[in-house]
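Asker: what follows is a predicted protein model with its sequence.
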Amino acid sequence: DAGVIQSPRHEVTEMGQEVTLRCKPISGHDYLFWYRQTMMRGLELLIYFNNNVPIDDSGMPEDRFSAKMPNASFSTLKIQPSEPRDSAVYFCASSPVVRNTIYFGEGSWLTVV
Amino acid sequence: TQLLEQSPQFLSIQEGENLTVYCNSSSVFSSLQWYRQEPGEGPVLLVTVVTGGEVKKLKRLTFQFGDARKDSSLHITAAQPGDTGLYLCAGAKVDNFNKFYFGSGTKLNVKP
């Protein structure tokens, strides 16, 4: 079975540019999470969806960040405009039910220069 | 300030040694999970504990959830180089069991 699929795996962009990260969750999973991982702050939850509806976006750092889930098989995380401090690994994860396993994608490595 | 504090942050040991990693908080959790992450990959779930005092074993790994459900430990017996990785604990609070908070992680290096 295919796991959580993220794209791009690596992106280098210039400050001020728009960045869009994409995620395809595991089929049948009701929950989708976006996390960000840095050396300084570890793994932080940015936002999560239940049945395509955003439930908690309190972890989204600023208005420059936005996330959408137009259908059960696709989600995006957008940063506009990007800044060097946004450089991190962004993980998408999905889960079938509450308190069950969270399955992570391989991450999107973002560098903003 | 992290909701879950892990210690130690770094651990470098020889193959065959035993080790314990700790995950502590002042908050009560409805469940707690341990993940292992290898370079360039996402975290992979090792275990979930939900009952205070619960002990789970996974081969050479032993996980314990504190009686008060505020802390947990991971003990590895006879560590092997394949155990090398970043170990993360994650807890879901009782008021929102959908939302998992991750600890800062323990980076383990097992030398052959």
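Answerer: The structure has been received and is ready for your questions. Numbering: from 1, shown residues only, chains lettered A, B, ... in the order given.

Asker: what does chain B put close to chain A?
Answerer: Proximity of chain B to chain A, by Cβ under 8 Å from any Cβ of the partner chain, involves residues B:2, B:30-31, B:33, B:40-45, B:48, B:50, B:88, B:90, B:92, B:96-105. Bear in mind the C-beta positions are built from the backbone N, C-alpha and C, glycine included.

Asker: got any ranges where chain B has weak pLDDT?
Answerer: Along chain B, the parts satisfying pLDDT under 70 run over B:1.

Asker: now what about stretch A:27-39, what contacts it?
Answerer: If you take Cβ atoms under 8 Å, 6 or more residues apart in numbering or on different chains as the criterion, stretch A:27-39 is touched by A:2, A:23, A:25, A:43-51, A:67, A:69, A:73, A:75, A:77, A:87-98, A:102-104, A:107, B:98, B:102.

Asker: can you check stretch A:73-90 too?
Answerer: The contact list for stretch A:73-90 (Cβ under 8 Å, 6+ apart) reads A:6, A:13-25, A:27, A:32, A:34-38, A:46-47, A:49, A:64-69, A:92, A:107-113.

Asker: filter the residues you listed down to the ones in strands?
Answerer: By the criterion of DSSP state E, membership of the contacts of stretch A:73-90 in strands covers A:6, A:13, A:19-24, A:32, A:34-38, A:46-47, A:49, A:65-69, A:92, A:108-112.

Asker: need the buried ones from the contacts of stretch A:27-39 selected in PyMOL.
Answerer: The buried residues among the contacts of stretch A:27-39 can be selected in PyMOL (16 or more other Cβ atoms under 10 Å in any protein chain shown) with this line:
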select buried, (chain A and resi 23+25+43+44+45+46+47+48+49+67+69+75+77+88+89+90+91+92+93+94+95+102+103+104+107) or (chain B and resi 98+102)
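
Asker: measure the residue in chain A positioned nearest to chain B to B:Lys107 for me?
Answerer: Using Cβ to the nearest Cβ, A:Phe104 is the residue of chain A that sits closest to chain B, at 2.9 Å. Distance, A:Phe104 to B:Lys107, using Cβ to Cβ, to the nearest Å: 18 Å.
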